[in-house]
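Student: Build me a model:
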Amino acid sequence: MIGSGHALTALLVLAQAAAPGRPAGATRDLAQALSRKIADFEARHKAGKPPREKRVLVSDAELTAYLNLLSKLPPSLSDLDVRFDSERIQARGLLDLDQLQGKMQSGGALSPFAFLSGRVSISIKGRLESEDGFGTFLPEEVKVGSLPLAASMLEQIVAAATRSAESPQGIDILAPFRYPYGVRQVRLSPGRAIVEF
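Tutor: Below you'll find the model as predicted:
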């Protein structure tokens, strides 16, 4: 769940805050604490060394701070806030629909985006399933502004927000993804994620 590539990008997309401004938990100390953990995971994995501990705790406050202060978010995403619960993740934030214009498949006049523009709040709640080094996000509730969205619309938003030269199709948030650095499983409980190697 933490690291680079598909897994981190998926988290970046999931983590959106409900209102403008920096979330209360977004302190530099928390962000740097998670950054050090990630650097240690990466260095040990590259060197072929086992992790120092078989289980590492990551708080939702650390992840929120890291995403807001130290990560490179797609320009359409801002003001992130992530909360962990029992095997579930809830994320809220701001989505700039104007920056996604032309990148999403048009649903015509029936599309919920036909009536929205500018920066709107987005909230996502779903289940994280982990098995044998892979994670899968299963959305349970998605809203843009006050409009509920189907999982297929979330899939389009994420793909549009994450398209790049390296990934012209963007990220498929509904597809299983491999955890980085030899992580075997991520278990969520209120306020924290337990990362298991």
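Student: So in this protein, which strand runs the longest?
Tutor: When the chain is parsed with DSSP state E, its longest strand is strand 119-131.
Student: Show me what that strand is packed against.
Tutor: strand 88-96, strand 134-144, strand 185-189 (3 or more C-beta pairs under 8 Å, 6 or more residues apart in numbering; DSSP states H and E). Every C-beta, even on glycine, is put in place using the N, C-alpha and C of the backbone.
Student: Flag every buried residue along stretch 120-127.
Tutor: 120-126 (16 or more other C-beta atoms under 10 Å).
Student: Looking at those residues, which one is closest to Val195?
Tutor: Among the buried residues of stretch 120-127, Gly126 lies closest to Val195 (C-beta to C-beta), at 18.6 Å.
Student: Which strand residues bridge that closest one?
Tutor: Gly126 has these beta-bridge partners by DSSP bridges: Ile89, Pro139.
Student: how far away is it from Tyr66?
Tutor: As defined by C-beta to C-beta, to the nearest Å, Gly126 lies at a distance of 20 Å from Tyr66.
Student: what sits opposite the nearest residue to Asp60 once chain neighbours are set aside in the beta ladder?
Tutor: Excluding its sequence neighbours, the residue lying closest to Asp60 (C-beta to C-beta, 6 or more residues apart in numbering) is Phe84, at 4.6 Å. On the basis of DSSP bridges, Phe84 is bridged to Ile89.
Student: Would you check that Phe84 makes contact with Leu57?
Tutor: No: counting by C-beta atoms under 8 Å, Phe84 does not reach Leu57; the two are 10.7 Å apart.
Student: Quick check on the two: which one has the bigger neighbour count.
Tutor: Phe84 (23 against 13; other C-beta atoms under 10 Å).
Student: follow-up on the earlier one: quick check: mean pLDDT of the longest strand of the chain?
Tutor: Averaged across strand 119-131, pLDDT comes to 93.
Student: what do you get for stretch 152-160?
Tutor: Stretch 152-160 comes out at a mean pLDDT of 85.
Student: Repeat that for stretch 134-144.
Tutor: Stretch 134-144 comes out at a mean pLDDT of 94.
Student: residues in contact with that stretch?
Tutor: Stretch 134-144 is touched from outside by 1, 7, 10, 14, 88-89, 95, 112-113, 116, 120-130, 148-151, 153-154, 157, 173-179, 186, with contacts defined as C-beta atoms under 8 Å, 6 or more residues apart in numbering.
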